[in-house]
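Q: I would like the atomic coordinates for the input below:
(one chain, ligands or ions: 1)
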Amino acid sequence: MALLTNIDSWAGKRVFFCRNREILVDGQGNPAELTPADFPPDAISQACEDTLTGAVGVLLAPGAEAPAGSRFIPTPYFFHTHDEQTNALAARMKGFAGWLDSTRFCPYCGHPLQLHATENALECPACGRLHYPRIEPCIITLVSRGEEILLLRNVRDTAGIYACLAGFVEIGETLEQALRREVREETALEVENIRYAGSQGWPFPDQLMVGYYCDYKSGEIRIQESEIADARWFRRDALPKIPNPGSLAWRLINGCFDK
Ligand SMILES: [Zn+2]
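A: Modelled structure (predicted):
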């Protein structure tokens, strides 16, 4: 990876412009094909090129405005409207740009960090320590009980969407332990027969979602009210509003990993 200090060098490259949780798109909803000259100089906070893919990630300042003909859309909506390969690249570049922007100083000695010559890492010229992009593993699971599946509405949801149960893995836990704990905490249910399904990088800001199917074992739903607004069993032929295509939750709910 290389920091783009010469902003002419991204001409002709695949560029993802990001701002907060949004991605800049053109009139057709595709990544906006713009150049640094389309933005005022103070609009660009960070720009980096990925040596593996050749793509460029640009982090725009929180107050940056969309140039004429382009607009910002929420990244989950971007995922909803693009293929898996484009989504993975967008997540990667958004993640890199955000990581560089939030990791400017060595957490051990406070010295400004610089990019490592050959690795996707930052190194501290003062104490020599290397700092790699942080990835936070999360589990996401679809719990089945016969013909029914468990879906939950988060307290922060304002769109009436019922999604799969998910949560962060704690230090020292296995993914399976984290899954059982999260299910227990959020619904008071016990589950069994945990099967790996698939995973997805989720750059909000740096999660890796690890998806599982599992089966109901015992208990009655008792929601964790600080996190969950509602949790219910739904028949597959009578589903509520669910997360959009492009999300791992959608693929779990639609059985994309069954084959
Ligand atoms: Zn240091």
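
Q: confirm residue 214 sits in a helix?
A: No - Residue 214 is assigned strand when assessed by DSSP: H, G, I helix; E, B strand; the rest coil, not a helix.

Q: show me what contacts it?
A: Residue 214 sits next to 141, 142, 143, 144, 179, 183, 191, 192, 193, 194, 195 when contact means C-beta atoms under 8 Å, 6 or more residues apart in numbering. Glycine gets a C-beta too; all of them are placed from N, C-alpha and C.

Q: flag every buried residue along stretch 185-203.
A: 186, 187, 189, 191, 194, 197, 200, 201, 202, 203 (16 or more other C-beta atoms under 10 Å).

Q: quick one on the thing from earlier: in helices only, show me the contacts of residue 214.
A: Under the assignment DSSP state H, those contribute 179, 183 to helices.

Q: can you show me the strands along the stretch 151-259 of the chain?
A: 165-168, 190-202, 207-218, 228-235 (DSSP state E, counting those that start in this stretch).

Q: can you list those in JSON lines and add mean pLDDT and distance to the ion?
A: Shown next, in JSON lines, are those (pLDDT from 0 to 100; distance: least, C-beta to the ion, whole Å):
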{"stretch": "strand 165-168", "mean pLDDT": "96", "distance to the ion": "27"}
{"stretch": "strand 190-202", "mean pLDDT": "95", "distance to the ion": "28"}
{"stretch": "strand 207-218", "mean pLDDT": "97", "distance to the ion": "26"}
{"stretch": "strand 228-235", "mean pLDDT": "97", "distance to the ion": "41"}
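
Q: helices and strands of this structure: which one bottoms out on pLDDT?
A: Ranking every helix and strand in the chain by mean pLDDT, DSSP states H and E puts strand 2-3 at the bottom, with a mean of 58.

Q: so for the next helix or strand after that strand, mean pLDDT?
A: Downstream of strand 2-3, the first helix or strand assigned by DSSP states H and E is strand 15-19. Per-residue pLDDT over strand 15-19 has a mean of 94.

Q: just say helix, strand or coil for residue 89.
A: Following three-state DSSP, residue 89 is assigned to helix.

Q: tell me the contacts of it?
A: For residue 89, the contact set (C-beta under 8 Å, 6+ apart) comprises 14, 16, 53, 55.

Q: leaving out the residues flanking it, which one is nearest to the first one?
A: Distances taken as C-beta to C-beta, 6 or more residues apart in numbering place residue 55 nearest to residue 14, at 4.6 Å, with adjacent residues excluded.
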